[in-house]
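Fold the following for me, if possible:
(one chain, ligands or ions: 1)
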Amino acid sequence: MTLAQPHGTTHSSWPAQAASITRILVVEDEHDIAGLIKHTLEREPDTQVETVGSGDAALKAVVAQAPHLIILDLNLPVLSGFEVCRILRARPATKHVPIIMLTARATEIDRVSGLDLGADDYVTKPFSLRELAARVRAVLRRPHMMPEDEAPSRVYRGKVLTADFEAVAIEVEGQPVRLTRREFELLQCLVENRNRVLSRDRLLERVWGYDRQIETRSVDVHVGRLRAKLGSAGEQIETVVGLGYKFVEA
Ligand code: CA
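Numbers count the residues shown, from 1 in each chain. This next block holds a predicted model:
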């Protein structure tokens, strides 16, 4: 499932589903394999798979929102899967995201080194998609406990805006605000990257997914609606001319 919606579609109101969506990132330069994995895993209800073809793209994709699981091919151009894994494990936001490595031959990976780097499991190519899906389910079922002090805060408390992204509750000056799913995701993306400029393209990618049937202009429309709904907190979303948007701390 992609998050893209055609223009003019009525957005269904948040909360209900999206909070329980499992987001999986597949890092694989072979498009056919990536596509098959995506197709297979998205048969599971509420699973959304994003595919990228390089380690570099993977490191970019996890910035705005860390996925619930990463399937990482070892054999990638430029940055190898090992390097990508090492970098992901070194970053606080992705330190605890489960990683399943894909490897071409059993001998290519030394099980110890893969697991030392922090991979949770690995699958040897050629693999059966059913097996991979089963491994994914198994890894997702494991409790991935984060030490309390390392968990990224899912609650933002500003002077006027309180946003609990876990409970899907937004309040402005103590009054609940009802947002559509897109508006909520937009706000989450902006708040999680507060005080940083996010380009329209970036917001499109994070909020609408990679299916670019949406024009960047519609980001402006949604930001406008979001600002209006947020009332006094709306001013915290600044337009940075020529660049994009920025959520500033109040
Ligand atoms: Ca590959």
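
For stretch 25-43, the averaged confidence score.
The average pLDDT within stretch 25-43 is 96.

for this structure, which helix is longest?
If you go by DSSP state H, the chain has its longest helix at helix 216-230.

got the CA coordinates for that helix in PDB?
This file holds the C-alpha atoms of helix 216-230, laid out as PDB (Å, rounded to 0.1, in the frame of the first residue of the first chain):
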ATOM      1  CA  THR A 216       4.400  19.500  -4.400                       C
ATOM      2  CA  ARG A 217       1.800  22.300  -4.400                       C
ATOM      3  CA  SER A 218      -0.600  20.000  -2.500                       C
ATOM      4  CA  VAL A 219       1.900  20.000   0.400                       C
ATOM      5  CA  ASP A 220       1.300  23.800   0.600                       C
ATOM      6  CA  VAL A 221      -2.500  23.100   0.600                       C
ATOM      7  CA  HIS A 222      -2.200  20.600   3.500                       C
ATOM      8  CA  VAL A 223       0.200  22.800   5.400                       C
ATOM      9  CA  GLY A 224      -2.300  25.700   5.100                       C
ATOM     10  CA  ARG A 225      -5.100  23.500   6.400                       C
ATOM     11  CA  LEU A 226      -2.900  22.200   9.200                       C
ATOM     12  CA  ARG A 227      -2.000  25.700  10.200                       C
ATOM     13  CA  ALA A 228      -5.600  26.800  10.300                       C
ATOM     14  CA  LYS A 229      -6.600  23.900  12.500                       C
ATOM     15  CA  LEU A 230      -3.700  24.500  14.900                       C
END
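
got the buried residues for that helix?
Residues 218-219, 222-223, 225-227, 229-230 are the ones in helix 216-230 that count as buried (16 or more other Cβ atoms under 10 Å). In this view, the C-beta of every residue, glycine as well, is placed from N, C-alpha and C.

pLDDT-wise, what's the bottom of those residues?
Lowest pLDDT of the buried residues of helix 216-230: S218, 84.

quick one: the strands in the chain?
Using DSSP state E, the strands of the chain run over residues 22-27, 47-52, 69-73, 99-103, 121-124, 155-157, 161-164, 169-172, 175-176, 197-199, 237-240, 244-247.

any chance of these in CSV, with mean neighbour count and distance to the ion too?
As requested, the strands of the chain are exported to CSV (neighbours: other Cβ atoms under 10 Å; distance: least, Cβ to the ion, whole Å):
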stretch, mean neighbour count, distance to the ion
strand 22-27, 23, 9
strand 47-52, 21, 12
strand 69-73, 25, 4
strand 99-103, 23, 8
strand 121-124, 18, 13
strand 155-157, 13, 38
strand 161-164, 20, 39
strand 169-172, 18, 41
strand 175-176, 8, 47
strand 197-199, 18, 29
strand 237-240, 14, 37
strand 244-247, 22, 32
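
any idea which of those strands scores lowest on pLDDT?
strand 121-124 (a mean of 83).

so what strands line up beside it?
strand 99-103 (parallel) (DSSP bridges).

just how off-centre is the partner strand within its chain?
Centre-to-centre, strand 99-103 and its host chain are 18 Å apart (Cα atoms, centre = their mean, to the nearest Å).

I'd like the distance between the spatially most central residue of the chain and the ion.
Central residue of the chain (Cα atoms, centre = their mean): Q65, 3.7 Å from the mean position. Counting by Cβ to the ion, to the nearest Å, the gap from Q65 to the ion is 24 Å.

excluding its backbone neighbours, what's nearest that residue?
Closest residue in space to Q65, ignoring its immediate chain neighbours: R206 at 6.2 Å, by Cβ to Cβ, 6 or more residues apart in numbering.
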